[in-house]
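K.L.:
using only what follows, build the 3D model:
(2 chains)
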Amino acid sequence: MIWRLFFSFIKVGLFSVGGGYAAIPLIQNQIVETHKLLSLEEFTDLITIAEMTPGPISINSATFVGTRLAGIPGALICTLGCILPSFFICLVLAHFYYKYRQLDEVQKVLSALRPAVVALIASAGLSILLLGIFGDAPAAFGNLRPVECVLFLAGFFLIRKYHLNAIQVIFGTGVVGTLIYAVL
Amino acid sequence: MKENKSKILLQLFWATFTLSAFTFGGGFVIVSLMKKKFVEELKWLDENEMLDITAIAQSSPGPIPINASVILGYRMAGIMGTIVAILGTAIPPMVIISLISVFYSQFRENQIIATALQVMRVGVAAVIFDVVLNLAKNVWKTKKSFYIGMMVIAFLAAAIFDISAMLIILICLGIGIANVLISLTRKKGKKETGKL
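P.N.:
Residues are numbered from 1 along each chain as shown, chains lettered A, B, ... in the order given. Coordinates of the predicted model:
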């Protein structure tokens, strides 16, 4: 059974292009529908946890399903399955990228791509900011969460002015915010 | 030399490990934290390189943080670097999820954890906005309306019209290739007229 799981997660790794949310229906198809390893309810719980905790959704699911069905070895094998396709494909791409990136033509093509990547990062930042300052409520002025707004501005100020690193800012907002809510 | 390499491997492991342990919210989030760590703090990569790695990681199959770790590790220390970076990225979520899958119901109902996770989102957002501001400034400094325009249009496409990142990258790749082909044929044309 464990090898069936391994191959299921190889498929998830191989066919989920474009990040976490693209992987969810694939995982559901493999784990819930094809192999009936989790019930739909357990699967929904899994997605909730995966969204709440750090780390890529497919790694989280692989670990969760693997642990449930075969303990720690199961978690390791499922995660390995999920990582293997990335490993080989990106290794090949990295090899060619570093071989040819000095070419003028390649540089020109890449330089058209870079502004779009900046925009995509900005858009991801905007959606996580909206989630932060509105919670899971719709984005309307009345739903604005004042504590989070202040924390965002403070964090942004500290990082621009004193060049704090990412972990300090993220961990700091977590601690300060939790304390503020505990006092309120 | 050998000592130097093991030092890099150690730094690589620790950097990917801490980033992965604190990053939630999808691929582009961890990529912007990687930019801050590897470009601004450690100065291992230049900014363009990090943007290229992001584009490759986003367009390849598999989890984006893992894809980015593979490329980054390979750049720093070959295959060994790749393996170390993957371990650093994969271990934190594996440990966290294994623990949570045992204590799931306590975890879900714990109000303190829920609050901490909610407020940390704005911390993540502050980091991303910092990174984006630096990146956008550099695009602006090129003073090329073509690049600035591409950035603005791509942002509107992603943020307002919800067009997938994958499609945006593919379209821009197409534009880039077309751009190169046009300038190549122009050069060729000039050479031929020069001969005449």
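
K.L.:
low pLDDT regions in chain B?
P.N.:
B:1-3, B:24-26, B:190-196 (pLDDT under 70).

K.L.:
with chain A instead?
P.N.:
A:17-22.

K.L.:
mind listing the strands for it?
P.N.:
Taking DSSP state E, chain A contains no strands at all.

K.L.:
quick one, helices of it?
P.N.:
Assigned by DSSP state H, the helices in chain A fall at A:2-15, A:20-27, A:40-52, A:57-100, A:104-134, A:146-162, A:166-183.

K.L.:
redo these as CSV? Include distance to chain B and mean neighbour count.
P.N.:
Where C-beta positions appear, they are placed from N, C-alpha and C, glycine not excepted. Shown next, in CSV, are these (distance: least, C-beta to the nearest C-beta, whole Å; neighbours: other C-beta atoms under 10 Å in any protein chain shown):
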stretch, distance to chain B, mean neighbour count
helix A:2-15, 5, 18
helix A:20-27, 5, 20
helix A:40-52, 5, 17
helix A:57-100, 3, 21
helix A:104-134, 3, 21
helix A:146-162, 3, 17
helix A:166-183, 3, 19
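
K.L.:
just send those back as TSV, with distance to residue B:152 too.
P.N.:
TSV is the format used below for the helices of chain A (distance: least, C-beta to C-beta, whole Å):
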stretch	distance to residue B:152
helix A:2-15	33
helix A:20-27	25
helix A:40-52	30
helix A:57-100	27
helix A:104-134	7
helix A:146-162	22
helix A:166-183	26
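
K.L.:
nearest to residue B:89, of these?
P.N.:
If you check each of those against residue B:89 by C-beta to C-beta, helix A:57-100 wins as the nearest, at 8.2 Å.

K.L.:
what helices or strands is the closest one leaning on?
P.N.:
Here helix A:57-100 touches helix A:2-15, helix A:20-27, helix A:40-52, helix B:47-59, helix B:64-102, going by 3 or more C-beta pairs under 8 Å, 6 or more residues apart in numbering or on different chains; DSSP states H and E.

K.L.:
so what's the spatially most central residue of chain B up against?
P.N.:
With the centre of chain B defined as its mean C-alpha position, the nearest residue by C-alpha atoms, centre = their mean is residue B:31, 2.9 Å away. Residues in contact with residue B:31 (C-beta atoms under 8 Å, 6 or more residues apart in numbering or on different chains) are A:121, B:50, B:53, B:54, B:57, B:64, B:65, B:68.

K.L.:
quick one: contacts for the fourth one?
P.N.:
In this case it means residue B:54. For residue B:54, the contacting residues are A:117, A:120, A:121, B:28, B:31, B:68, by C-beta under 8 Å, 6+ apart.

K.L.:
render the CA-only coordinates of the one helix or strand the residue nearest to the centre of chain B maps to in PDB, please.
P.N.:
Counting by DSSP states H and E, the element that carries residue B:31 is helix B:27-34. The C-alpha trace of helix B:27-34 is given here as PDB (Å, rounded to 0.1, in the frame of the first residue of the first chain):
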ATOM      1  CA  GLY B  27       4.900  30.100  -3.200                       C
ATOM      2  CA  PHE B  28       5.500  33.800  -3.900                       C
ATOM      3  CA  VAL B  29       5.600  34.500  -0.100                       C
ATOM      4  CA  ILE B  30       8.600  32.200   0.400                       C
ATOM      5  CA  VAL B  31      10.200  33.500  -2.700                       C
ATOM      6  CA  SER B  32      10.200  37.100  -1.500                       C
ATOM      7  CA  LEU B  33      11.600  35.900   1.900                       C
ATOM      8  CA  MET B  34      14.300  34.100  -0.100                       C
END
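
K.L.:
residue A:89 contacts residue B:62, correct?
P.N.:
Yes. At 7.1 Å, residue A:89 counts as touching residue B:62 under the criterion of C-beta atoms under 8 Å.

K.L.:
number of nearby residues for the residue lying closest to residue A:40 once chain neighbours are set aside?
P.N.:
Once flanking residues are discounted, residue A:40 sits nearest to residue A:32: 5.8 Å by C-beta to C-beta, 6 or more residues apart in numbering or on different chains. Residue A:32 has 19 neighbours, counted by other C-beta atoms under 10 Å in any protein chain shown.

K.L.:
please apply the same query to residue B:83.
P.N.:
So residue B:83, with other C-beta under 10 Å, has 18 neighbours.

K.L.:
show me what contacts it?
P.N.:
Residues in contact with residue B:83 (C-beta under 8 Å, 6+ apart) are residue B:73.

K.L.:
could you measure from it over to residue B:16?
P.N.:
11 Å (C-beta to C-beta, to the nearest Å).
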